[in-house]
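1. Sharing a model prediction with you, sequence too.
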Amino acid sequence: MAVAATPNATLPQIKGVKDVPYDELFVSGHRTCQGCESALVMRHMIKAAGPRTIVLGSTGCMYVANTTYYTTPWVVPWMHTQLGAAGSAALGTSAGLKVLMRKGKLPNEKINVIAFCGDGGGADMGLGAISATLTHKEYNSLILLYDNESYANTDIQLSSMTPYGAITTFSPTGKAKRLMHTRWKKNVPGMLAAGHPESRYIAAACAGYAVDLMNKIRRALEVGGPTFIHTIDPCPKGWDYHPQYSQELGHLAVETGIWPLYEVFDNKLNLTGPTRQIAEGRKKRKPVVEYLKRQGRFAHFTDEDVDHFQGEVDKMWEKWLIPGVIPFTIAEKDRALLRVDTTPLHEVKKPA
Ligand SMILES: Cc1ncc(C[n+]2csc(CCOP(=O)(O)OP(=O)(O)O)c2C)c(N)n1
Ligand code: SF4
Ligand SMILES: [Mg+2]
């Protein structure tokens, strides 16, 4: 494996698979499960970012399974940080590099800082630190939240990102209660985009759409300042399916409209991949049952549960102010007062 020695001058957008860098900077030697999509996110992330990158990772599968004593798959400098501390680690490392360069102790060059966290570490425990980092526009960093929808490393406990009704070790199905978990998944990228106008780049992605993911990573690193990307990562162990179906399940999460792909770049929303095609009416949203029935964690679902799930996803697409992104609806009487156009994208007439 050859690692290019030249620093990143720029990170151009990748036009197709032939453009994807050949170098592997996340290699064999890790012990994640077969079919682990979060490990694939790590691989794509560092491929896109290149060798002049420091990676920081909070506790979770991507720390524990990736850095067993004396072994590591990381070719770039890597540091563990405490569960919940990805935001603080990103900000501190970026600030430290800036000071060292200002004092002449390091050559003044572009070094990417990426801090990753799981859904437990980022969407639950570390949300405050991520929010704080996204307000400091003078420091460059990317925070990547890899979302396997549970506290996977400690045996699949429920997090705020666990989908409605799913079985985890904290939400088993039983005779008295079929569904132990009845809260809808927290909308982290939408919430962060809506509340952090200083951050120039916030996106939702999926490793099943690798080029889209890599381009989002590059855009985040190129625009500078604090940025954030959230990926949905099928996890064979926690979601209970055969490892060969990880990519397919990532595709289904997007094609059913459960996980919309988008980016908010300089406060402008841009839908990407199949999400854009669905919104434009060029692709039909698949029924959620096609996604749910493939996973053991939803095996206890009755038709009624599936209908409820479908109804909530339909609401995301048909009622939310920005489909799948901003969950506001506007009172009929206030429509005229607000400068918003709520016409669905596929109904907007294209200019002749
Ligand atoms: C403060 C603290 N509490 C609990 C733990 C135990 N712990 C280690 S990894 C982990 C799960 C983290 O879940 P997530 O962030 O979603 O990452 P995943 O394991 O799913 O990759 C927990 C609870 C810890 N290391 N530190
Ligand atoms: S439990 Fe899930 S996230 Fe953790 S290593 Fe296995 S597949 Fe990956
Ligand atoms: Mg997790």
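-> Good, I have the coordinates. Ligands and ions are numbered 1, 2, ... in the order given.
2. Please count neighbours and contacts with C-alpha atoms only from this point.
-> Fine.
3. residues touching Leu91, list them.
-> Thr133, Tyr139, Asn140, Ser141 (Cα atoms under 8 Å, 6 or more residues apart in numbering).
4. which two of these lie the greatest distance from each other?
-> The two members of the contacts of Leu91 with the most space between them (Cα to Cα) are Thr133 and Asn140, at 9.6 Å.
5. shared neighbours of these two, which are they?
-> Leu91, Pro226.
6. Okay, and Met79 sits in which element?
-> strand 78-81 (DSSP states H and E).
7. C-terminal to that strand, what's the next element?
-> Per DSSP H and E, the helix or strand that comes after strand 78-81 is helix 86-102.
8. contact partners of the next helix or strand after that following helix?
-> Note on helix 86-102: by DSSP H and E, the next helix or strand toward the C-terminus is strand 112-118. With Cα under 8 Å, 6+ apart as the test, strand 112-118 has contacts from 49, 52-60, 83-84, 86-87, 89-90, 93-94, 140-148, 151, 221.
9. Same question for stretch 126-143.
-> Under Cα under 8 Å, 6+ apart, the answer for stretch 126-143 is 83-88, 90-91, 94-95, 112-117, 121-122, 192, 196-199, 220-221, 224-229.
10. filter the residues you listed to the buried ones?
-> Buried residues within the contacts of stretch 126-143, defined by neighbour count using 16 or more other Cα atoms under 10 Å: 83-88, 90-91, 94-95, 112-117, 121-122, 192, 196, 198-199, 220-221, 224-229.
11. check those residues against ligand 1, which are close?
-> Leu83, Cys117, Gly121 (Cα under 6 Å from any ligand atom).
12. among the residues you listed, which are in reach of ligand 3?
-> When contact is defined as Cα under 5 Å from the ion, those do not meet ligand 3 at all.
13. Can you tell me which of the residues you listed lies closest to ligand 1?
-> Nearest to ligand 1 among these is Gly121, at 3.6 Å by Cα to the nearest ligand atom.
14. Touching, that closest one and Cys61? I think so.
-> No. The pair Gly121 and Cys61 fails to qualify as a contact (Cα atoms under 8 Å) at a distance of 10.9 Å.
15. helix/strand/coil for the residue nearest to Tyr291 when sequence neighbours are not counted?
-> Nearest residue to Tyr291, sequence neighbours excluded (Cα to Cα, 6 or more residues apart in numbering): Leu252, at 5.7 Å. Under DSSP: H, G, I helix; E, B strand; the rest coil, the three-state class of Leu252 is helix.
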